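1. based on what follows, work out the 3D shape:
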Amino acid sequence: MASPNDLPRELLFSASARFFGHENGEAKLLRVSILGRVPLERAGVKRVLEEEAGIRVVGEGSMNESSHLARTVRPDLLVILHDDADDALGGLGSIAPSLPKIVLMNRLSEQATRLLLHHSANGILLREDSVAHLHWAVRAAAAGGLALAPTAAAMVREQCTQPDRMSDETSAARNAISALSPREQEILEFLKKGHSNADLADALAISGHTVKDHIRAIYTKLGVDNRVQAARIAWQADVGRSTGAERPGGRPGPVTDAVRGPGSGFRPSGALIPHPR
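-> Below you'll find the model as predicted:
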């Protein structure tokens, strides 16, 4: 077999260029689009990203513009700004499902980290440390890796080093769902996947009024007020199915509890500012 020294110089250069994301001697640009409600925050993220060589922001807009951006500017990756995990989980699966995504949030819990990963987040960062980590995180996520803030990484490591431990939230979520009737559990699966009442009525061949009655019963039995909260309990029960044996106790806590940063948001210069409420 030929050694590297025996190969033509041009062939070696071409192979190394492809491996490191370079073609024709130039770095391949990583095309990023930014989604968020607040233009000032989007501008701050854009400034942080474009200060890094090899990254270009090719579009930005609100959440409902994701499909338009994906179709017209063809980004390699989305960076999405959310206030909290409930906000993120409510729409993560429907936002350009074929593109890798990095989620930026003000606060993060162990439960939220598991759910976001379960729903295909390729990166999770707290806004307070995004300036330091965003440049490598977008490259890692675009290359098929997983980019986690130090806090989220510590949570994942804890879970992986204790594979037989089932969280209290998972156990409680399963117990809560077991109180639902078979039909209610079936409808909860539809809610988890984001289907509308009309979708449920068509799929189950029942009236819209009957769907509403079932959903009200589900809310009452699960102790929740809306579809996202009900779906969150279903997600939590599913996430725990690969974590090992159950242990008793606990009840589902809010997804957004635990770690949060003292600041959240970006100036156009990249400096942190309090997040507007």
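2. going forward, measure contacts and count neighbours with C-alpha atoms only.
-> Noted.
3. helices of this structure, start to end?
-> In the chain, the helices defined using DSSP state H lie at 9-19, 39-50, 66-72, 85-91, 110-118, 130-142, 150-161, 168-178, 182-192, 197-204, 208-222, 227-239.
4. got the angle between the last one and helix 208-222?
-> Orientation note: helix 227-239 sits at an angle of 60 degrees relative to helix 208-222 (axes from the mean of the first three to the mean of the last three C-alpha atoms, to 10 degrees).
5. how about the second one?
-> With the same axes, to 10 degrees applied, the angle from helix 39-50 to helix 208-222 works out at 70 degrees.
6. now for helix 39-50, which elements pack on it?
-> strand 30-35, strand 55-61, helix 130-142 (3 or more C-alpha pairs under 8 Å, 6 or more residues apart in numbering; DSSP states H and E).
7. that one: which residues count as buried?
-> E41, R42, A43, G44, V45, K46, R47, V48, L49 (16 or more other C-alpha atoms under 10 Å).
8. quick check, nearest of the residues you listed to T220?
-> Here the nearest of these to T220, counting by C-alpha to C-alpha, is E41; it sits at 37.8 Å.
9. could you check how far R114 is from V57?
-> Going from R114 to V57 by C-alpha to C-alpha, to the nearest Å gives 28 Å.
10. now the residue nearest the centre of the chain. Its backbone dihedrals?
-> Residue closest to the average C-alpha location in the chain (C-alpha atoms, centre = their mean): A121, at 3.2 Å. Main-chain dihedrals, A121, degrees, to the nearest 10: phi -70, psi 130.
11. chain neighbours aside, what residue packs nearest to it?
-> K101 (5.6 Å; C-alpha to C-alpha, 6 or more residues apart in numbering).
12. re earlier: and the helices and strands packed on helix 39-50, which is most packed in?
-> Mean neighbours per residue, mean count of other C-alpha atoms under 10 Å, is largest over those for strand 30-35, with a mean of 23.
13. same for it, what does it pack against?
-> Under the contact definition 3+ C-alpha pairs under 8 Å, 6+ apart, strand 30-35 sits against helix 39-50, strand 55-61, strand 77-81.
14. dump the ones you listed into TSV; add mean pLDDT and distance to A173 as well.
-> Compiled in TSV, the helices and strands packed on strand 30-35 are given as follows (pLDDT from 0 to 100; distance: least, C-alpha to C-alpha, whole Å):
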stretch	mean pLDDT	distance to A173
helix 39-50	90	35
strand 55-61	90	35
strand 77-81	90	28
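15. distance to G144 for the ones you listed - can I get that in a markdown table?
-> Listed next are those as a markdown table, based on distance: least, C-alpha to C-alpha, whole Å:
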| stretch | distance to G144 |
| --- | --- |
| helix 39-50 | 19 |
| strand 55-61 | 16 |
| strand 77-81 | 11 |
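16. minimum distance to D225: which of these has it?
-> strand 77-81 (24.5 Å).
17. run the chain-centre distance for that closest one.
-> Strand 77-81 has its C-alpha centroid displaced from the chain centroid by 9 Å (C-alpha atoms, centre = their mean, to the nearest Å).
18. so it versus strand 30-35, what angle?
-> Put simply, strand 77-81 runs at 30 degrees to strand 30-35, going by the same axes, to 10 degrees.
19. by contact count, what packs against strand 77-81?
-> Secondary-structure packing of strand 77-81 (3+ C-alpha pairs under 8 Å, 6+ apart): strand 30-35, strand 101-105, helix 130-142.
20. closest one to Q236 among the ones you listed?
-> Q236 lies closest to strand 101-105 among these, at 18.9 Å (C-alpha to C-alpha).
21. strands paired with that closest one, and their directions?
-> Here strand 101-105 has these sheet partners by DSSP bridges: strand 77-81 (parallel), strand 123-126 (parallel).
22. centre of the chain to the shortest one, how far?
-> Right, the one you point to is strand 123-126. On the basis of C-alpha atoms, centre = their mean, strand 123-126 sits 8 Å off its chain's mean C-alpha point.
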